[in-house]
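Asker: Based on what follows, work out the 3D shape:
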Amino acid sequence: MSADKNSGGAQGGEGEEPEKQVDRRHVNRRGVQMPFLIRRLGTAFLVVQGLGGLAWWIVLLTVPTSRRLFVAPGAPEVTLLAFVFADLILYVGGSLAAAYGLFRCRAWGWPILCVHAGAAAYASLYVLTLAVWSGSVTAGAAFMAPSLAVPPYLAWRLRPGR
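Answerer: This next block holds a predicted model:
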């Protein structure tokens, strides 16, 4: 009789870890579980998005001439700068916090991702609508387009119980 190395020498199955059951519907051709892959790619996207948003605000606050690319013609710069605190908390902070929570598989990561997805979708729709109505500000619309689709997709695919 051989002792199980996971049981510390005990026999009869005590201390054995049950074998993981893999749902084949969530495994790609290379054998990688898709929720794992989506979580890792999503985490990378959220980190890049959060750091990109932070860099964008640093440029806007330190290089005033950069603001004209993101303000509708004839509108005061304050219409852009009014978003700074909400963006830093919900867009940048939410993105980075959700990335950390998802990466570490924390239970609070998904609810933060949901809050971030809503904030990112709202900001994206605002910028896209501004671009359509003003006929300008297309740089902002282009930068925000991925934020309209990716965070809500991640929230859907990574929801608990999936």
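Asker: what packs against the longest helix seen in the chain?
Answerer: Scanning the chain for the longest helix, with DSSP state H as the assignment, gives helix 34-62. Where contact means 3 or more C-beta pairs under 8 Å, 6 or more residues apart in numbering; DSSP states H and E, helix 34-62 is packed against helix 94-103, helix 109-134, helix 138-157. (Each C-beta comes from the backbone N, C-alpha and C, glycine too.)
Asker: got the buried residues for the last one?
Answerer: Buried positions in helix 138-157, judged by neighbour count with 16 or more other C-beta atoms under 10 Å: 140-141, 143-144, 147-148, 150-152, 154-155.
Asker: Can I get these in JSON lines including pLDDT and distance to residue 68?
Answerer: Supplementary listing: those in JSON lines, determined by pLDDT from 0 to 100; distance: C-beta to C-beta, whole Å:
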{"residue": "140", "pLDDT": "83", "distance to residue 68": "11"}
{"residue": "141", "pLDDT": "86", "distance to residue 68": "15"}
{"residue": "143", "pLDDT": "88", "distance to residue 68": "15"}
{"residue": "144", "pLDDT": "91", "distance to residue 68": "17"}
{"residue": "147", "pLDDT": "94", "distance to residue 68": "22"}
{"residue": "148", "pLDDT": "93", "distance to residue 68": "24"}
{"residue": "150", "pLDDT": "96", "distance to residue 68": "28"}
{"residue": "151", "pLDDT": "97", "distance to residue 68": "28"}
{"residue": "152", "pLDDT": "96", "distance to residue 68": "30"}
{"residue": "154", "pLDDT": "96", "distance to residue 68": "33"}
{"residue": "155", "pLDDT": "95", "distance to residue 68": "34"}
